[in-house]
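Novice: need a 3D model of the sequence below.
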Amino acid sequence: MSSPAILRHPEDSMPAIAEAGPVPAVTTPAAPPSFGTLALRWYRLNRSRLRATAIGIISLLAFLLVWHLLTTYRVVFFVRFTNVPSPLAVYASFTKAIHDPKFLMHVVLSCRRIFIGFSLAAIVGVPLGLIMGRFKLIHEIIFPVAEVLRPIPAIAWVPMAIMLWPTNEQSIVFITFLGSFFPILVNTLHGMSLVDPVLVRAAQCLGARERSIFRDVYFPASLPHIFTGLTVGMGVAWVSLIAAEMISGQYGIGYFTWEAYSLVQYPDIALGMIAIGVLGLGSSLLIRGAGQLVMPWSAK
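Specialist: Got it, this is the predicted structure:
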(Lines give C-alpha, C1' and ligand atoms only; values in the text may rest on other atoms or scores of the structure.)
Protein backbone atom coordinates (compact mmCIF):
# COMPACT_ATOMS: atom_id res chain seq x y z
CA MET A 1 0.00 0.00 0.00
CA SER A 2 1.24 3.36 -0.73
CA SER A 3 1.08 5.92 1.96
CA PRO A 4 -0.07 9.41 1.13
CA ALA A 5 3.04 10.69 2.81
CA ILE A 6 5.27 9.08 0.25
CA LEU A 7 3.13 9.90 -2.71
CA ARG A 8 4.48 12.94 -4.48
CA HIS A 9 3.47 14.70 -7.59
CA PRO A 10 6.05 14.99 -10.32
CA GLU A 11 5.96 18.75 -9.99
CA ASP A 12 6.95 18.53 -6.34
CA SER A 13 10.06 16.57 -7.22
CA MET A 14 11.33 19.33 -9.55
CA PRO A 15 13.48 22.10 -8.03
CA ALA A 16 11.78 25.44 -7.60
CA ILE A 17 12.57 27.84 -10.33
CA ALA A 18 12.79 31.52 -9.44
CA GLU A 19 10.34 33.64 -11.27
CA ALA A 20 12.08 35.67 -13.88
CA GLY A 21 11.49 39.46 -14.12
CA PRO A 22 9.71 41.06 -17.02
CA VAL A 23 11.49 40.85 -20.32
CA PRO A 24 12.67 44.34 -21.34
CA ALA A 25 10.95 45.62 -24.41
CA VAL A 26 13.14 46.20 -27.42
CA THR A 27 12.88 49.90 -28.41
CA THR A 28 13.34 50.78 -32.01
CA PRO A 29 14.95 54.18 -32.78
CA ALA A 30 12.45 56.85 -33.70
CA ALA A 31 12.38 57.82 -37.33
CA PRO A 32 13.81 61.28 -38.06
CA PRO A 33 11.22 63.95 -38.74
CA SER A 34 10.34 64.48 -42.35
CA PHE A 35 11.21 67.57 -44.33
CA GLY A 36 7.61 68.74 -44.21
CA THR A 37 7.55 68.52 -40.41
CA LEU A 38 10.77 70.50 -40.11
CA ALA A 39 9.51 73.11 -42.55
CA LEU A 40 6.24 73.50 -40.65
CA ARG A 41 8.10 73.82 -37.35
CA TRP A 42 10.42 76.48 -38.83
CA TYR A 43 7.43 78.37 -40.22
CA ARG A 44 5.70 78.43 -36.85
CA LEU A 45 8.84 79.74 -35.14
CA ASN A 46 9.46 82.47 -37.75
CA ARG A 47 5.87 83.34 -38.64
CA SER A 48 6.07 86.92 -37.36
CA ARG A 49 9.34 87.63 -39.17
CA LEU A 50 8.05 86.20 -42.42
CA ARG A 51 4.91 88.28 -42.11
CA ALA A 52 6.94 91.46 -41.50
CA THR A 53 9.21 90.65 -44.45
CA ALA A 54 6.25 90.04 -46.77
CA ILE A 55 4.58 93.30 -45.72
CA GLY A 56 7.85 95.18 -46.24
CA ILE A 57 8.28 93.77 -49.75
CA ILE A 58 4.69 94.63 -50.65
CA SER A 59 5.12 98.20 -49.35
CA LEU A 60 8.31 98.66 -51.38
CA LEU A 61 6.62 97.38 -54.53
CA ALA A 62 3.68 99.71 -53.91
CA PHE A 63 6.10 102.62 -53.47
CA LEU A 64 7.83 101.79 -56.77
CA LEU A 65 4.45 101.55 -58.52
CA VAL A 66 3.31 104.94 -57.21
CA TRP A 67 6.67 106.45 -58.15
CA HIS A 68 6.39 105.01 -61.66
CA LEU A 69 2.86 106.34 -62.18
CA LEU A 70 3.67 109.82 -60.88
CA THR A 71 6.72 110.20 -63.12
CA THR A 72 5.11 108.61 -66.18
CA TYR A 73 2.10 110.93 -66.17
CA ARG A 74 4.11 113.98 -64.98
CA VAL A 75 1.73 114.68 -62.12
CA VAL A 76 1.69 118.24 -60.75
CA PHE A 77 -0.27 118.43 -57.52
CA PHE A 78 1.45 120.72 -54.97
CA VAL A 79 4.60 118.71 -55.78
CA ARG A 80 5.99 118.68 -59.31
CA PHE A 81 7.07 115.35 -60.78
CA THR A 82 7.87 116.75 -64.22
CA ASN A 83 11.66 116.45 -63.81
CA VAL A 84 11.77 113.52 -61.38
CA PRO A 85 13.37 110.46 -63.05
CA SER A 86 11.36 107.25 -63.30
CA PRO A 87 12.42 104.00 -61.58
CA LEU A 88 13.46 102.57 -64.95
CA ALA A 89 15.74 105.55 -65.61
CA VAL A 90 17.31 105.18 -62.16
CA TYR A 91 17.82 101.46 -62.75
CA ALA A 92 19.54 102.21 -66.06
CA SER A 93 21.79 104.68 -64.26
CA PHE A 94 22.54 102.04 -61.64
CA THR A 95 23.56 99.42 -64.21
CA LYS A 96 25.89 101.98 -65.76
CA ALA A 97 27.35 103.21 -62.47
CA ILE A 98 28.00 99.76 -61.00
CA HIS A 99 30.53 99.12 -63.78
CA ASP A 100 32.17 102.52 -63.25
CA PRO A 101 35.19 102.35 -60.88
CA LYS A 102 34.67 106.00 -59.96
CA PHE A 103 31.21 105.34 -58.49
CA LEU A 104 32.54 102.39 -56.50
CA MET A 105 35.35 104.60 -55.20
CA HIS A 106 32.76 107.14 -54.00
CA VAL A 107 30.95 104.39 -52.06
CA VAL A 108 34.15 102.94 -50.56
CA LEU A 109 35.42 106.34 -49.40
CA SER A 110 32.10 107.20 -47.74
CA CYS A 111 32.05 103.85 -45.94
CA ARG A 112 35.62 104.36 -44.77
CA ARG A 113 34.83 107.81 -43.40
CA ILE A 114 31.77 106.46 -41.60
CA PHE A 115 33.76 103.60 -40.11
CA ILE A 116 36.54 105.83 -38.80
CA GLY A 117 34.32 108.63 -37.49
CA PHE A 118 31.73 106.33 -35.93
CA SER A 119 34.35 104.07 -34.35
CA LEU A 120 36.08 107.04 -32.75
CA ALA A 121 32.74 108.34 -31.47
CA ALA A 122 31.88 104.97 -29.92
CA ILE A 123 35.33 104.56 -28.36
CA VAL A 124 35.13 108.01 -26.77
CA GLY A 125 31.39 108.39 -26.15
CA VAL A 126 30.59 105.10 -24.37
CA PRO A 127 33.36 105.21 -21.71
CA LEU A 128 32.83 108.93 -21.19
CA GLY A 129 29.10 108.41 -20.68
CA LEU A 130 29.74 105.61 -18.18
CA ILE A 131 32.20 107.74 -16.21
CA MET A 132 29.91 110.79 -16.26
CA GLY A 133 27.00 108.67 -15.11
CA ARG A 134 28.97 107.22 -12.21
CA PHE A 135 30.90 110.23 -10.93
CA LYS A 136 28.87 113.35 -10.25
CA LEU A 137 31.81 115.78 -10.35
CA ILE A 138 32.86 114.71 -13.86
CA HIS A 139 29.23 114.97 -14.98
CA GLU A 140 29.00 118.53 -13.64
CA ILE A 141 32.19 119.53 -15.47
CA ILE A 142 31.55 118.00 -18.91
CA PHE A 143 27.77 117.99 -19.28
CA PRO A 144 27.27 121.80 -19.67
CA VAL A 145 29.88 121.95 -22.46
CA ALA A 146 28.33 118.96 -24.22
CA GLU A 147 24.85 120.48 -24.02
CA VAL A 148 26.07 123.73 -25.59
CA LEU A 149 27.81 121.95 -28.48
CA ARG A 150 25.17 119.26 -29.08
CA PRO A 151 22.51 121.43 -30.84
CA ILE A 152 25.00 122.81 -33.38
CA PRO A 153 24.22 121.11 -36.73
CA ALA A 154 26.89 119.37 -38.73
CA ILE A 155 26.73 121.92 -41.57
CA ALA A 156 27.64 124.71 -39.17
CA TRP A 157 30.79 122.78 -38.21
CA VAL A 158 32.11 122.64 -41.79
CA PRO A 159 33.96 126.03 -41.83
CA MET A 160 35.39 125.39 -38.36
CA ALA A 161 36.47 121.88 -39.29
CA ILE A 162 38.27 123.18 -42.38
CA MET A 163 40.18 125.62 -40.17
CA LEU A 164 40.95 123.00 -37.52
CA TRP A 165 42.21 120.20 -39.76
CA PRO A 166 44.82 120.45 -42.54
CA THR A 167 43.00 118.28 -45.11
CA ASN A 168 39.41 117.86 -46.26
CA GLU A 169 39.52 114.16 -45.42
CA GLN A 170 40.29 114.81 -41.77
CA SER A 171 37.69 117.55 -41.51
CA ILE A 172 34.97 115.28 -42.96
CA VAL A 173 35.87 112.50 -40.52
CA PHE A 174 35.75 115.03 -37.68
CA ILE A 175 32.24 116.17 -38.68
CA THR A 176 31.13 112.54 -38.89
CA PHE A 177 32.59 111.96 -35.44
CA LEU A 178 30.67 114.91 -33.99
CA GLY A 179 27.42 113.79 -35.58
CA SER A 180 27.53 110.35 -33.94
CA PHE A 181 29.26 111.32 -30.69
CA PHE A 182 26.46 113.21 -28.97
CA PRO A 183 23.67 110.62 -29.48
CA ILE A 184 25.98 107.92 -28.12
CA LEU A 185 26.97 110.04 -25.12
CA VAL A 186 23.40 111.09 -24.23
CA ASN A 187 21.96 107.58 -24.52
CA THR A 188 24.77 106.13 -22.42
CA LEU A 189 24.10 108.73 -19.74
CA HIS A 190 20.41 107.90 -19.87
CA GLY A 191 21.17 104.20 -19.43
CA MET A 192 23.39 104.91 -16.41
CA SER A 193 20.67 107.01 -14.78
CA LEU A 194 18.20 104.10 -15.01
CA VAL A 195 20.40 101.53 -13.27
CA ASP A 196 18.61 100.14 -10.21
CA PRO A 197 20.42 101.43 -7.09
CA VAL A 198 19.37 98.29 -5.24
CA LEU A 199 21.65 96.26 -7.49
CA VAL A 200 24.54 98.62 -6.78
CA ARG A 201 24.03 98.41 -3.02
CA ALA A 202 23.73 94.63 -3.20
CA ALA A 203 27.04 94.42 -5.03
CA GLN A 204 28.67 96.72 -2.47
CA CYS A 205 27.33 94.62 0.40
CA LEU A 206 28.86 91.54 -1.19
CA GLY A 207 32.25 93.24 -1.21
CA ALA A 208 32.44 94.17 -4.90
CA ARG A 209 34.95 96.85 -5.76
CA GLU A 210 34.36 99.78 -8.09
CA ARG A 211 35.76 97.96 -11.11
CA SER A 212 33.53 94.94 -10.49
CA ILE A 213 30.48 97.17 -10.04
CA PHE A 214 31.20 98.84 -13.35
CA ARG A 215 31.75 95.53 -15.14
CA ASP A 216 28.96 93.46 -13.60
CA VAL A 217 26.25 96.01 -12.76
CA TYR A 218 26.45 99.33 -14.60
CA PHE A 219 27.71 98.15 -17.96
CA PRO A 220 25.24 95.24 -18.51
CA ALA A 221 22.31 97.35 -17.29
CA SER A 222 23.23 100.20 -19.65
CA LEU A 223 23.85 98.04 -22.74
CA PRO A 224 20.33 98.40 -24.24
CA HIS A 225 20.57 102.19 -24.11
CA ILE A 226 24.15 102.12 -25.38
CA PHE A 227 23.12 100.19 -28.49
CA THR A 228 20.17 102.54 -28.96
CA GLY A 229 22.64 105.41 -28.95
CA LEU A 230 24.88 103.56 -31.41
CA THR A 231 21.97 103.00 -33.79
CA VAL A 232 20.83 106.63 -33.60
CA GLY A 233 24.42 107.81 -33.85
CA MET A 234 24.95 105.83 -37.03
CA GLY A 235 21.99 107.53 -38.68
CA VAL A 236 23.17 110.99 -37.65
CA ALA A 237 26.69 110.11 -38.79
CA TRP A 238 25.40 109.48 -42.33
CA VAL A 239 23.49 112.76 -42.30
CA SER A 240 26.61 114.63 -41.17
CA LEU A 241 28.83 112.84 -43.67
CA ILE A 242 26.62 113.63 -46.66
CA ALA A 243 26.38 117.29 -45.63
CA ALA A 244 30.16 117.54 -45.29
CA GLU A 245 30.82 115.78 -48.60
CA MET A 246 28.38 118.03 -50.45
CA ILE A 247 30.05 121.19 -49.14
CA SER A 248 33.75 120.44 -48.85
CA GLY A 249 34.31 116.98 -50.26
CA GLN A 250 35.85 115.92 -53.54
CA TYR A 251 34.86 112.27 -53.32
CA GLY A 252 32.12 110.30 -51.61
CA ILE A 253 28.51 109.45 -52.27
CA GLY A 254 27.39 112.88 -51.06
CA TYR A 255 29.72 114.58 -53.52
CA PHE A 256 28.47 112.23 -56.26
CA THR A 257 24.88 113.29 -55.58
CA TRP A 258 25.70 116.99 -55.55
CA GLU A 259 27.79 116.70 -58.70
CA ALA A 260 24.88 114.97 -60.45
CA TYR A 261 22.66 117.92 -59.53
CA SER A 262 25.23 120.38 -60.85
CA LEU A 263 25.47 118.48 -64.14
CA VAL A 264 21.66 118.12 -64.40
CA GLN A 265 21.85 114.32 -64.31
CA TYR A 266 18.60 113.62 -62.53
CA PRO A 267 18.78 109.80 -62.51
CA ASP A 268 22.16 109.98 -60.78
CA ILE A 269 20.64 112.20 -58.08
CA ALA A 270 18.05 109.55 -57.25
CA LEU A 271 20.73 106.85 -57.48
CA GLY A 272 22.90 108.67 -54.94
CA MET A 273 19.96 109.12 -52.58
CA ILE A 274 19.03 105.44 -52.80
CA ALA A 275 22.66 104.43 -52.26
CA ILE A 276 22.78 106.57 -49.11
CA GLY A 277 19.59 104.97 -47.81
CA VAL A 278 20.79 101.42 -48.50
CA LEU A 279 24.19 102.02 -46.92
CA GLY A 280 22.60 103.61 -43.86
CA LEU A 281 20.17 100.71 -43.52
CA GLY A 282 22.97 98.18 -43.78
CA SER A 283 25.00 100.00 -41.12
CA SER A 284 22.06 100.07 -38.71
CA LEU A 285 21.37 96.36 -39.29
CA LEU A 286 24.98 95.55 -38.45
CA ILE A 287 24.71 97.41 -35.16
CA ARG A 288 21.41 95.71 -34.29
CA GLY A 289 22.91 92.33 -35.12
CA ALA A 290 25.86 93.06 -32.86
CA GLY A 291 23.44 94.08 -30.12
CA GLN A 292 21.60 90.76 -30.39
CA LEU A 293 24.89 88.89 -30.09
CA VAL A 294 26.00 90.88 -27.05
CA MET A 295 22.52 90.89 -25.43
CA PRO A 296 20.87 87.57 -26.34
CA TRP A 297 18.45 88.00 -23.43
CA SER A 298 16.86 91.02 -25.12
CA ALA A 299 16.11 89.26 -28.43
CA LYS A 300 12.39 88.81 -29.08
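Novice: quick one: mean pLDDT for the host helix or strand of His190?
Specialist: Element membership of His190 [criterion: DSSP states H and E] is helix 168-193. Averaged over helix 168-193, pLDDT sits at 93.
Novice: same question, stretch 233-243
Specialist: Across stretch 233-243, the average pLDDT comes to 93.
Novice: can you list contacts of it?
Specialist: Under the contact criterion CB atoms under 8 Å, 6 or more residues apart in numbering, stretch 233-243 has outside partners 110, 113-114, 117-118, 121-122, 125, 153-155, 158, 172, 175-176, 178-184, 252-254, 257, 276, 279-280, 283-284, 287. The C-beta positions use only the backbone N, C-alpha and C, and glycine is treated the same way.
Novice: go again with 6 Å.
Specialist: Stretch 233-243 has contacts (CB atoms under 6 Å, 6 or more residues apart in numbering) with 113-114, 118, 154-155, 175-176, 179-180, 183-184, 254, 280, 283-284, 287.
Novice: which pair of those residues spans the longest distance?
Specialist: Greatest spacing in these, by CB to CB: Ile155 and Ile287 (24.6 Å).
Novice: what about those two, which has more around it?
Specialist: Ile287 (18 against 14; other CB atoms under 10 Å).
Novice: how about the helix or strand Ala122 falls within: buried residues?
Specialist: According to DSSP H and E, Ala122 maps onto helix 101-134. For helix 101-134, a neighbour-count test (16 or more other CB atoms under 10 Å) marks 103, 106-107, 109-111, 113-114, 116-118, 120-122, 125-126, 128-130, 132-134 as buried.
Novice: kindly report the same for stretch 139-146.
Specialist: Buried residues in stretch 139-146, counted by 16+ other CB under 10 Å: His139, Ala146.
Novice: can you list the residue ranges for helices in the chain?
Specialist: Ranges of helices in the chain, per DSSP state H, are 10-13, 35-45, 47-72, 87-97, 101-134, 136-149, 154-164, 168-193, 197-205, 210-213, 219-248, 253-262, 266-294.
Novice: coming back round to it: for the helix holding Ala122, which helices and strands make contact with it?
Specialist: Applying 3 or more CB pairs under 6 Å, 6 or more residues apart in numbering; DSSP states H and E, one finds that helix 101-134 makes contact with helix 136-149, helix 168-193, helix 219-248, helix 253-262.
Novice: quick one: low-confidence residue ranges for the protein.
Specialist: Residues of the chain meeting the criterion pLDDT under 70: 1-31, 298-300.
Novice: could you report the neighbour count for Ser180?
Specialist: Ser180 is flanked by 29 other residues according to other CB under 10 Å.
Novice: quick one: it from Thr167, how far?
Specialist: Using CB to CB, to the nearest Å, Ser180 is found at 20 Å from Thr167.
Novice: equivalent analysis for Ser110, please.
Specialist: Relative to Thr167, Ser110 is positioned 16 Å away (CB to CB).
Novice: got it, and Ala243?
Specialist: In terms of CB to CB, Ala243 sits 18 Å off from Thr167.
Novice: same check, this time on Ser86
Specialist: Counting by CB to CB - Ser86 and Thr167 are separated by 39 Å.
Novice: mind checking which of the two has more residues around it?
Specialist: Using other CB under 10 Å, the more surrounded residue of Ser86 and Thr167 is Ser86, with 19 against 9.
Novice: ok, back up a step: out of the contacts of stretch 233-243, which comes closest to Ala92?
Specialist: Within the contacts of stretch 233-243, proximity to Ala92 (CB to CB) peaks at Gly254, which comes in at 22.3 Å.
Novice: I'd guessed the closest one sits against Met246; true?
Specialist: Yes. Counting by CB atoms under 6 Å, Met246 is a contact partner of Gly254 at 4.7 Å.
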